[in-house]
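Trainee: next comes the sequence, and after it the predicted model I'd like to discuss.
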Amino acid sequence: MTASLLLTAFLFGLPIIQYQTYNQDGVIQGAQGIAYVKKQYAMSVPLSEEYIAESIGEVQQLFADSQNVGYDGNERFLIGDAYWNHIAPREKMLNMIAKTYDSPQENSGYQKLAELEAAEYNNFYQAMEDKMQALRNTPSRGVSDAQKAYWSNMGDKIKVPL
């Protein structure tokens, strides 16, 4: 019985032991890595139109400085302190914002924000609604009219700003 309990405790603890995340100093493992990620998630703010426009403008300013930009032959990305200090702490949020401006078949990351014009990103929530409607109306998805109405109704229940 004791061996079984020890084995169970070990197996449940294994994901904590094996967990790893990255920051500019390198790999953070185990409980320290989990604490680091929790700290990153604690930095939540309402996604107002103003905050989104400001965030996109910051990304564009970072891309404007060639010292901050790397290129791998396919895409441009931020490197060094520009990435670790400005993008990494909120990369998931920036990627989510960028996906709003993608076409339904496209899937880009924060790099897309560097290409947007101010007229495009000033109406984030309208762009999000347009994207959701485009996804519902994509013929290859085979969404029925009843399903479209259901998901449209569910989308109307989301409070903004996120």
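Mentor: All right, it came through fine.

Trainee: model confidence score at residue 42, please.
Mentor: Reading off the confidence values, residue 42 has pLDDT 69.

Trainee: contacting residues around stretch 23-43?
Mentor: With contact meaning CB atoms under 8 Å, 6 or more residues apart in numbering, stretch 23-43 is reached by 16, 17, 19, 20, 21, 22, 81, 84, 85, 88, 89, 90. Glycine gets a C-beta too; all of them are placed from N, C-alpha and C.

Trainee: 10 Å instead, please
Mentor: Residues external to stretch 23-43 that are found in contact with it (CB atoms under 10 Å, 6 or more residues apart in numbering): 13, 15-22, 80-81, 83-85, 88-93.

Trainee: what does stretch 121-133 give?
Mentor: 47-53, 55-57, 60, 96-104, 113, 116, 120, 148, 151-152, 154-156, 158, 160-162.

Trainee: and if we set it to 6 Å?
Mentor: The contact list for stretch 121-133 (CB atoms under 6 Å, 6 or more residues apart in numbering) reads 49, 52, 56, 100, 101, 155, 160.

Trainee: please apply the same query to stretch 5-18.
Mentor: residue 30.

Trainee: check the secondary structure at the residue nearest to the spatial centre of the chain for me.
Mentor: Against the mean C-alpha coordinate of the chain, by CA atoms, centre = their mean, the closest residue is residue 92 at 2.4 Å. Three states are possible here, and by DSSP: H, G, I helix; E, B strand; the rest coil the one that applies to residue 92 is helix.
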